[in-house]
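J.: no FASTA, just this:
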């Protein structure tokens with residue numbers, strides 16, 4: 001996690017993407033928090049009103065601005081009154097960058113090196129950068145429409161209109177036009193892949209058969225609440241590929257396998273580790289014949 005800020009009725013996270021999809025990270029985070037909150041307060045049911053909103057950011061263009069935008073949220077929302085109070089506010093990543101606190105799960109080097117190689121110098125420059133944002137106007141291009149963000153603000157958009165220039169944009173992406181086009185192309189490729197699998201008849205049953213052939217674990221052993229180690233590994237692989245490759249939801253998968261949604265979530269994590277450890281690729285099951 002690069003940056004974060006907690007406010008009374010919402011929160012902001014700036015995450016660097018990796019092998020695990022953001023949707024998986026957020027599902028684990030939110031479901032884990034809700035379960036713990038409900039147990040602590042003896043309640044049940046939903047906690048968050050709406051689904052989270054995510055925007056993909058082009059790192060080298062917008063990262064510093066997003067860090068500042070997120071960290072100034074508690075100040076702009078009136079949770080803290082001054083920048084000095086923000087320095088000591090525990091529910092925001094700003095204080096960690098300033099060296100006021102430490103969290104085992106929070107690294108600071110990736111952001112500090114944007115300002116200087118030495119931490120002491122970087123902190124001074126970072127705070128000057130944040131302070132300049134306090135009096136600066138709000139950045140609608142960071143929260144507004146995709147075209148506004150992709151071109152650098154409303155003035156740039158107006159200039160494009162005068163020149164009759166077309167730019168690629170998308171509400172879910174924060175970056176220049178080329179970046180937006182590349183992201184959309186990759187998303188379209190992934191979508192075509194799922195359609196191709198569907199037309200080839202690769203569904204949960206075919207996936208289960210393929211995993212059975214690869215691992216030597218009978219298909220029926222992957223369903224139910226059995227905890228045999230070999231079966232757990234195969235079921236994890238099944239769950240991981242069902243979610244990541246076939247796009248099957250945790251709820252649907254839980255119903256199909258006769259296990260709890262939380263069990264499926266844990267199986268997806270184990271399956272991902274299993275696939276990496278054994279160097280197994282999803283394409284291998286496509287060569288398995290019934």
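T.: Right, received. Where do you want to start? Computed from a predicted structure; not experimentally measured.

J.: all strands for the stretch 1-150 of the chain, in order.
T.: Using DSSP state E, counting those that start in this stretch, the strands found in the stretch 1-150 of the chain span residues 3-6, 11-14, 56-57.

J.: so for residue 71, which of these sits nearest?
T.: strand 3-6 (6.1 Å; C-beta to C-beta). Every residue, glycine included, has its C-beta placed from N, CA and C.

J.: other SSEs contacting that closest one?
T.: Applying 3 or more C-beta pairs under 8 Å, 6 or more residues apart in numbering; DSSP states H and E, one finds that strand 3-6 contacts strand 11-14, helix 59-71.

J.: what are the buried residues along the longest one?
T.: With burial defined by 16 or more other C-beta atoms under 10 Å, the residues of helix 59-71 counted as buried are 61-63, 65-71.

J.: so what's the gap between that helix and the chain middle?
T.: How far helix 59-71 lies from its chain's middle: 16 Å, per C-alpha atoms, centre = their mean, to the nearest Å.

J.: report the mean confidence score over it.
T.: Taken as a whole, helix 59-71 has an average pLDDT of 81.

J.: list the helices and strands it packs on?
T.: For helix 59-71, the helices and strands in contact under the criterion 3+ C-beta pairs under 8 Å, 6+ apart are strand 3-6, strand 11-14, helix 119-135, helix 140-143.

J.: kindly report the same for the shortest one.
T.: For strand 11-14, the helices and strands in contact under the criterion 3+ C-beta pairs under 8 Å, 6+ apart are strand 3-6, helix 59-71.

J.: OK, contacts around residue 123?
T.: When contacts are counted by C-beta atoms under 8 Å, 6 or more residues apart in numbering, residue 123 touches 97-99, 112, 115.

J.: rerun that using 10 Å as the cut-off
T.: Taking C-beta atoms under 10 Å, 6 or more residues apart in numbering as the definition of contact, the neighbours of residue 123 are 97-99, 108, 112, 115-116.

J.: swap in residue 251?
T.: Counting by C-beta under 10 Å, 6+ apart, the residues that residue 251 touches are 261, 264.

J.: show me what counts as buried in the helix or strand encompassing it.
T.: Using DSSP states H and E, residue 251 sits in helix 250-257. Within helix 250-257, the residues that qualify as buried by neighbour count (16+ other C-beta under 10 Å) are 250, 253-254, 256-257.

J.: for stretch 261-273, same thing?
T.: 261, 263-268, 270-272.

J.: likewise stretch 90-109?
T.: Of the residues in stretch 90-109, those with enough neighbours to count as buried (16+ other C-beta under 10 Å) are 92-98, 108.

J.: tell me how many other residues crowd residue 34.
T.: 16 (other C-beta atoms under 10 Å).

J.: residue nearest the centroid of the chain?
T.: When the chain is reduced to its mean C-alpha position, the closest residue under C-alpha atoms, centre = their mean turns out to be residue 22, at 2.2 Å.

J.: for the protein, give me the ranges with low pLDDT.
T.: 1-2, 19-20, 59-61, 136-201, 225-230, 286-290 (pLDDT under 70).

J.: domain ranges for it, per the record?
T.: 3-136, 142-195, 200-286 (automatic domain parsing).

J.: point out the most buried one among those domains.
T.: Scoring the domains of the chain by mean neighbour count under mean count of other C-beta atoms under 10 Å gives domain 200-286 as the most buried, with a mean of 17.
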